[in-house]
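*Asks:* Sequence and predicted model, in that order:
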Amino acid sequence: MNKRLIFAAVAVLSIPMGLRAQNIAQRLDFSDNIRMVSCDPVSTAPCFRLKFNLVDAQGAPSPAQIPAPEKLAQSITIRVEDQPVTPFFALMQGGEGRAVRRRTALVLVDISGSMNRKLPSGQTRFDAAKAALSSFLEGFEKDADRVAVVPFESHQVEPTIRGARFASTKEEALQQVQTLPRPKSNNNTGLYSAVAIGLDVLSAELKAKAAGAESVEGLLMVMTDGTNEVLSGDDTGLLAGPVGLQQVATKVQAFGIQVIGVGFGDPKEIDETALRQISTRYQMAADVANLKKIFAVARTLLSNRIQATFTSPWADRASLAGKTLHVSVQLKLPTGQLLSSDQRIWSTPQIGVPLYESHCDTDEMRALVQSAPPPGTGWMSVLRPVLVFLGLGTLLLILWFWIPRLIWAEQYIGIVPTQRWESQAAPIGKAIKPAPPGFDAGKPDYRAPRAPSDPTVRRDFTKTRLEPPPGGDRSRK
């Protein structure tokens, strides 16, 4: 027994320290918000789509042996409020033999006056940024990638960013890099507004390109060498101060798009706290080499994502109303190593049912059909509309036939129990009075109509009944 323990200890110690540290540090990191998608008509139950990367402790992509594509979904466990769920669809992008999904990136480059300062290498910060952008464009795939490189400062911020053109070829993207305008001394930094407007532009582009075909990967990257600075003479309405910072930070969280903030230059001149709040991931670079590495990392994070889609444990959207779900992911590697993520919160409006953010694409639909019937696709989903139809029909019959009998009962009884005339039906053995003239059904009273000369008898209503008529008997008093 002691020998076995010794051999086990020697085996553990023989593993390189770097590899052990890498295994411990590896984790899963969400790259997008959890989104509820519709899988109609295959499933009436709502589905959820999530995306994540394999990263190390610093948030950089971490290489690992990923399960084969046909085994990837079974290797993922998603916990929704401590309920384990296996996705019916999983896809790993990038790498040999992996699927290629469409990707759209918007890169915002600071061209404020401080970008003209020189680095120890002799290059200006602006020239170094242009050189580093080539690292981001390495591996550009014509049929999959679309990139827009847009400058920003403190003048014409909104029209410049909203006029972004997304290049579909590497040559077009490089041309946008080469034609970036050189910084001017009077250019300040509208950083907060640039990020807020960039989110709007990228979100609209993602929705336009994802219409029905497949989900599109998105990334917003913003590079700056300073802080948000808005002075007199700059665009009116630019976000500034703590209020502007909070507004942008809230928008970043709400949109769920991965935002990589890059601080380039002297760390003392960069507002690291603000950069952390307006991005989902931030990096600092003091020289060209580190800046190129950051751009390369951003490219890898965009192209090497894992997407998983699973069916909600709740049968319909109404059951999710008002709920706040805590979701986490685990991935079991072929080596037996188990990677986990932090919890991500998915919440719904306080009033009303949640709305679908998208629709399952073709690959997800195919996987859902081939998988075991999830909740909402069994016999109950077929029987439910029939039961609803029968229930509504029964309610309609009650309202149409029974309620009127309660309100107007005398019209539906058929024989009124309080008959008074012999011409009408009456209970057997009960004496009744003869009907007055004109009401005898057997002997109708056919009276001649009044002639025009017949007088009309008028009564005198000015006297009371106690007073005898004139000339009448006065004995009654």
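*Replies:* Yes, it's here. Numbers count the residues shown, from 1 in each chain.
*Asks:* Which segments of the protein make up each domain?
*Replies:* 2-93+306-370, 103-303, 379-409 (automatic domain parsing).
*Asks:* do you know which of those lies nearest Pro452?
*Replies:* Proximity to Pro452 (CB to CB) singles out domain 379-409 among these, at 42.7 Å. Backbone N, C-alpha and C define where each C-beta goes, glycine included.
*Asks:* Now find how far off-centre stretch 309-324 is within its chain.
*Replies:* 12 Å (CA atoms, centre = their mean, to the nearest Å).
*Asks:* again with stretch 267-287
*Replies:* 29 Å.
*Asks:* before we move on, what about stretch 294-306?
*Replies:* Shown here is stretch 294-306, whose average C-alpha point lies 24 Å from the average C-alpha point of the whole chain (CA atoms, centre = their mean).
*Asks:* Touching it from outside, list them.
*Replies:* If you take CB atoms under 8 Å, 6 or more residues apart in numbering as the criterion, stretch 294-306 is touched by 31, 51-55, 60-61, 66, 72, 76, 90-95, 103, 105, 132-133, 135-136, 138-139, 217, 219, 221, 258, 260, 262, 281, 283, 285, 331.
*Asks:* 6 Å - rerun?
*Replies:* Contacts with stretch 294-306, where a contact means CB atoms under 6 Å, 6 or more residues apart in numbering, come from 31, 51-53, 60-61, 92-94, 103, 132, 135-136, 217, 219, 221, 260, 262, 283, 285.
*Asks:* if you average pLDDT over it, what comes out?
*Replies:* Averaged across stretch 294-306, the pLDDT comes to 86.
*Asks:* next one: stretch 332-350
*Replies:* Averaging pLDDT along stretch 332-350 yields 88.
*Asks:* Switch the domains of the chain over to a markdown table; also include mean neighbour count and distance to Pro452.
*Replies:* Listed next are those as a markdown table, based on neighbours: other CB atoms under 10 Å; distance: least, CB to CB, whole Å:
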| stretch | mean neighbour count | distance to Pro452 |
| --- | --- | --- |
| domain 2-93+306-370 | 16 | 74 |
| domain 103-303 | 19 | 86 |
| domain 379-409 | 10 | 43 |
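*Asks:* Throw these into CSV and include distance to Ala451, thanks.
*Replies:* Shown next, in CSV, are those (distance: least, CB to CB, whole Å):
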stretch, distance to Ala451
domain 2-93+306-370, 76
domain 103-303, 87
domain 379-409, 42
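*Asks:* So which residue is smack in the middle of the protein?
*Replies:* Against the mean C-alpha coordinate of the chain, by CA atoms, centre = their mean, the closest residue is Glu357 at 4.0 Å.
*Asks:* Skip the chain neighbours and tell me the closest residue to that one.
*Replies:* Arg35 (4.4 Å; CB to CB, 6 or more residues apart in numbering).
*Asks:* The one you found and Ala131: what is the separation?
*Replies:* Taking CB to CB, to the nearest Å as the measure, Arg35 falls 36 Å from Ala131.
*Asks:* Going by residue numbers, what spans are strands in the stretch 201-350 of the chain?
*Replies:* For the stretch 201-350 of the chain, strands defined by DSSP state E, counting those that start in this stretch occupy the ranges 217-224, 258-264, 281-285, 306-311, 324-332, 338-340, 344-347.
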